[in-house]
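> just the structure for this:
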Amino acid sequence: MASKQEPVAPATDAAPGDDEADEARALAGAPDDADEEPEATREVVESESAELEEMRALESVTLDPTAKPSAEVMQSLRRLGLANPLRMRMLDALEEPTFREDDSPEQLPLITNLATFDVRSIQDRYDIPVEMQPLVAQYIQFFQGPGRRWFRKWMSRSARYLPVMQPILEKHGMPLDTVYLAMIESGFSAHAYSWAHASGPWQFISSTGKQYGLKQDFWVDERRDPLKATHAAATYLKDLYRELGHWYLAWAGYNTGSGRVRRMIERHGTRDFWALAEEKGLAKETKHYVPKLIAAALVAKNPSAFGFSDEEFDYEQPLEFDEVELTDATDLDVVARAAGVNIQDVQDLNPELKRWCTPPASTKHPYKLRLPKGAGPRFVEGFKRISPAERLTFRVHKVKRGDTLSQIAERYGTASEAILQMNRLKSARTLKLGADLVIPIPASKAAGATGGAIASKVAQARRSGVVAHRPEDEVPAGTPKGPVAAGPVKTETLNGRTRVTYGVQSGDSLWVIATKFNVSVDDLKKWNNLRRRNPTLQVGSLVYVWPQGTAQVQERAGTVVVAKQVASNAGKPVSGGKVHALAEGETLWSVAQRYGVSVQDIMRWNNIKDHRTIPTGKVLSLSAP
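Take a look at the predicted model:
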């Protein structure tokens with residue numbers, strides 16, 4: 001589940017291993033003594049305690065520079081790690097030579113020649129094994145050169161996550177520097193998502209994530225949660241270490257699956273990763289994975305020695321938060337308003353949320369939501385003051401054949417824009433059959449779709465660029481690509497004009513029928529006295545169509561052909577074959593899809609050289625001359 005990158009192809013979103021690797025990892029069973037996923041409450045208490053401890057230590061030495069460093073301060077600094085800017089601020093505040101000498105190794109001088117650098121001189125600064133192999137040196141040079149801007153971003157982001165990830169690793173008995181595996185997997189990005197569907201800072205595929213306790217459902221994906229995923233990764237890596245016997249092999253197994261690494265060990269009779277990397281059997285990505293991790297750790301903990309200046313990093317603030325309990329699915333807009341914070345801050349602290357709201361919950365099983373530090377008490381008081389008319393509750397709707405967004409909104413007494421906003425969709429002319437949608441509805445029956453919380457949600461949706469199509473322009477879910485209204489057709493002439501009578505079939509809509517006969521939806525509604533904004537068609541009912549101008553409609557072996565009558569150079573109508581008048585907004589591609597021909601054929605049959613310059617109204621021949 002590591003990155004597919006080579007040293008010359010950087011990317012911040014890490015991708016997992018190949019199919020065989022993913023399958024091996026998915027099938028790998030957790031040992032009986034695997035650590036259970038801790039409760040969210042314990043996670044938050046521990047992380048908040050660690051942050052509070054570090055804050056108090058900093059406060060103590062800042063206010064009393066003459067104070068001797070206590071055991072608590074020593075422990076806090078070890079917990080932070082060398083790359084954390086908070087650690088450096090504490091060291092600056094301490095001004096304690098003995099402390100610096102004992103706990104913080106001297107800054108390394110600039111390393112100008114990796115070939116002559118003896119990595120053994122700094123091995124005691126790491127709790128993972130580090131070696132200077134040729135590929136390690138190549139990756140260091142990559143981070144210094146082509147990959148520099150990515151590494152700068154990773155380092156800046158590391159300040160947010162190291163203070164919370166490393167204590168979790170320590171609790172599981174893991175080396176703290178294992179955190180750099182998350183750096184090369186995702187660049188410490190909670191939203192990293194690979195082509196093989198690995199997700200989160202530790203890039204779990206779905207099956208392995210579930211195996212190690214990470215919940216994934218309609219509402220949440222805990223693989224994206226930096227704390228929960230770190231617990232799972234620590235447990236998984238411990239299992240790999242127990243099975244394979246060396247951290248290099250455990251990292252390789254994390255990337256390609258333990259089964260493949262175990263077979264390599266058995267086949268070649270060695271647990272030396274570098275020897276195994278010389279043999280056939282490991283993917284190139286896996287052979288590069290271990291040296292890439294070593295290189296990342298070397299540079300991250302000694303950036304100045306490898307040519308990085310402090311000015312290059314824009315360190316993010318350490319992850320700190322309050323936690324509140326919600327007993328019902330709650331709109332994040334309402335949460336942010338009650339807490340007096342920006343909704344983006346709420347989303348950033350809760351990356352596991354897949355919707356614009358929290359999951360359904362109860363008093364017995366509340367949902368624990370993170371808020372910016374200090375906002376918890378404000379939320380509790382502010383939420384009490386928000387009236388039910390300003391709140392939303394939620395339902396889940398599974399899209400069925402024939403559904404349109406406007407019909408669903410009308411059914412639940414809500415608005416299309418609100419549905420789009422809650423499901424993080426910018427627009428939806430047609431809905432995916434079988435998809436689940438979160439439907440926001442007023443918590444109070446007195447507040448309809450035109451007022452209160454729904455109106456606020458619609459206004460917010462429009463400000464963010466959400467667009468709801470007109471009901472007559474929507475395509476019912478399950479409609480095959482390209483309109484295929486296939487109901488019975490009767491053609492007759494009334495007062496010299498042609499009228500088509502069409503029998504409505506299952507799955508038809510005004511849009512499908514209008515597209516079939518090359519007329520507008522508004523005209524169909526006018527001709528058939530359909531006054532409702534979103535009329536419902538009954539299967540078996542009749543729809544009258546008056547083709548534009550003096551169009552002639554003929555039945556040919558069950559196919560309706562709409563042939564517009566236009567003047568040729570000789571003043572005679574076009575005749576023979578199937579033709580189509582290009583409507584506004586149509587393209588040769590859409591016409592070709594509709595009639596089952598190719599764009600190249602249409603261009604050849606109509607002597608068209610440039611498909612971009614065809615005027616609206618041009619009559620196209622749709623069969624060979």
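
> report pLDDT for A468.
Looking at A468, its pLDDT is 89.

> to clarify, my last question referred to V512.
The model's pLDDT for V512 equals 80.

> residues in contact with the residue most central in space within the chain?
In the chain, the residue lying closest to the centroid (C-alpha atoms, centre = their mean) is H191, at 5.8 Å. Taking C-beta atoms under 8 Å, 6 or more residues apart in numbering, we find H191 in contact with G200, R224, P351. C-beta here means a position set from N, CA and C on the backbone, and glycine is covered the same way.

> hmm, try it at 10 Å
D13, S199, G200, P201, D221, R224, D348, P351 (C-beta atoms under 10 Å, 6 or more residues apart in numbering).

> narrow the residues you listed to those in helices?
Here DSSP state H is the test, and these give D348 as lying in helices.

> of the contacts of H191, closest to D127?
Using C-beta to C-beta, P201 comes nearest to D127 of those, at 20.0 Å.

> surely that closest one touches Y180?
No: using C-beta atoms under 10 Å as the test, P201 is too far from Y180 to be in contact (11.7 Å).

> buried residues, the helix or strand where R157 lies. List them.
Using DSSP states H and E, R157 sits within helix 148-171. Across helix 148-171, burial judged by 16 or more other C-beta atoms under 10 Å covers 150-171.

> for that helix, packing partners?
Helix 148-171 is packed against helix 40-63, helix 71-80, helix 85-94, helix 134-144, helix 180-186, helix 226-244, helix 284-301, with contacts defined by 3 or more C-beta pairs under 10 Å, 6 or more residues apart in numbering; DSSP states H and E.

> let's go with 6 Å and repeat that
With contacts taken as 3 or more C-beta pairs under 6 Å, 6 or more residues apart in numbering; DSSP states H and E, helix 148-171 sits against helix 226-244.

> what's in contact with the following helix or strand past the helix it packs on?
Going down the chain from helix 226-244, the next helix or strand is helix 247-256, by DSSP H and E. Helix 247-256 is contacted by residues 2, 17, 21, 128-129, 237, 240-241, 244, 261, 273, 286, 289-290, 293 when judged by C-beta atoms under 6 Å, 6 or more residues apart in numbering.

> between helix 247-256 and helix 284-301, how big is the angle?
The directions of helix 247-256 and helix 284-301 differ by 120 degrees, with axes from the mean of the first three to the mean of the last three C-alpha atoms, to 10 degrees as the criterion.

> show me what contacts D473?
If you count contacts by C-beta under 6 Å, 6+ apart, D473 has them with W511.

> pull up the gap between it and S416, please.
12 Å (C-beta to C-beta, to the nearest Å).

> quick one: buried residues of stretch 502-510?
Y502, G503, V504, Q505, G507, D508, S509, L510.

> for the closest residue to the last one other than its chain neighbours, what are its contacts?
Take L510 and drop its neighbours on the chain: the residue closest to it by C-beta to C-beta, 6 or more residues apart in numbering is V521, 4.9 Å away. Contacts were defined as C-beta under 6 Å, 6+ apart; by that measure V521 touches E472, L510, W511, A514.

> hmm, try it at 8 Å
E472, D473, L510, W511, A514.

> ok, back up a step: among the buried residues of stretch 502-510, which are in helices?
L510.

> out of the buried residues of stretch 502-510, which sit inside strands?
Using DSSP state E, the members of the buried residues of stretch 502-510 that fall in strands are Y502, G503.

> out of the buried residues of stretch 502-510, which is nearest to P134?
Using C-beta to C-beta, the buried residues of stretch 502-510 come closest to P134 at G507, 62.7 Å.

> which residues touch the closest one?
Counted by C-beta under 8 Å, 6+ apart, G507 has contacts R401, G402, P476, G478, T479.

> distance check, it against L433.
11 Å.

> next one: E131
Going from E131 to L433 by C-beta to C-beta gives 54 Å.

> do E266 as well
Between E266 and L433 the distance is 48 Å, computed by C-beta to C-beta.

> pick out whichever of these two has more residues nearby.
Between E266 and L433, counting by other C-beta atoms under 10 Å, L433 is the more crowded of the two (15 against 8).

> would you agree that one is in contact with R401?
Yes: applying C-beta atoms under 8 Å as the test, L433 and R401 come out as touching, 6.2 Å apart.

> how many neighbouring residues does H246 have?
H246 has 16 neighbours, counted by other C-beta under 10 Å.

> and it, what are its phi and psi?
Note on H246: its backbone torsions stand at phi -150, psi 150 [degrees, to the nearest 10].

> quick one: pLDDT of it?
You'll see H246 listed with a pLDDT of 97.

> quick one: contacts for it?
R271, F273.

> now with 10 Å, please.
P129, L240, A252, V261, I265, R271, D272, F273.

> pull out the buried residues from stretch 521-533.
Buried residues in stretch 521-533 (16+ other C-beta under 10 Å): V521, D523, L524, K525, N528, L530.

> returning to what we had before: of the buried residues of stretch 502-510, closest to N495?
Y502 (19.7 Å).

> lowest average confidence, helix or strand, in this protein?
None of the helices or strands of the chain scores lower by mean pLDDT, DSSP states H and E than strand 559-563, at a mean of 32.

> and S189, how many residues sit next to it?
Residues near S189, counting by other C-beta under 10 Å: 23.

> doesn't S156 make contact with it?
No: using C-beta under 10 Å, S189 is not in contact with S156; the gap is 11.7 Å.

> need the overlap of contacts for those two.
With contacts defined as C-beta under 10 Å, 6+ apart, no residue is adjacent to both S189 and S156.

> mind checking the SS state of I441?
Under DSSP: H, G, I helix; E, B strand; the rest coil, I441 falls in the strand class.

> please disregard the earlier target; I meant L620.
Recorded secondary structure, L620: strand (three-state DSSP).

> what about it, how many residues nearby?
Neighbour tally, L620, other C-beta under 10 Å: 20.

> nearest residue to it in space, ignoring adjacent ones along the chain?
In space, L620 is closest to H580, 5.0 Å off (C-beta to C-beta, 6+ apart).

> tell me the strands beside the helix or strand containing the one you found, with direction?
Element membership of H580 [criterion: DSSP H and E] is strand 579-581. Note on strand 579-581: by DSSP bridges, its sheet partners are strand 619-621 (antiparallel).

> need the residues touching each of G507 and L433.
Counting by C-beta under 10 Å, 6+ apart, the common neighbours of G507 and L433 are R401, G402, P476, A477, G478, T479.

> which of those residues are buried? Put it as a ChimeraX command.
Buried residues among these (16+ other C-beta under 10 Å), as a ChimeraX selection:
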select :402,476,477,478,479
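
> is it possible to export the shared contacts of G507 and L433 to JSON lines including secondary structure?
Formatted as JSON lines, these follow (three-state DSSP):
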{"residue": "R401", "secondary structure": "coil"}
{"residue": "G402", "secondary structure": "coil"}
{"residue": "P476", "secondary structure": "coil"}
{"residue": "A477", "secondary structure": "coil"}
{"residue": "G478", "secondary structure": "coil"}
{"residue": "T479", "secondary structure": "coil"}
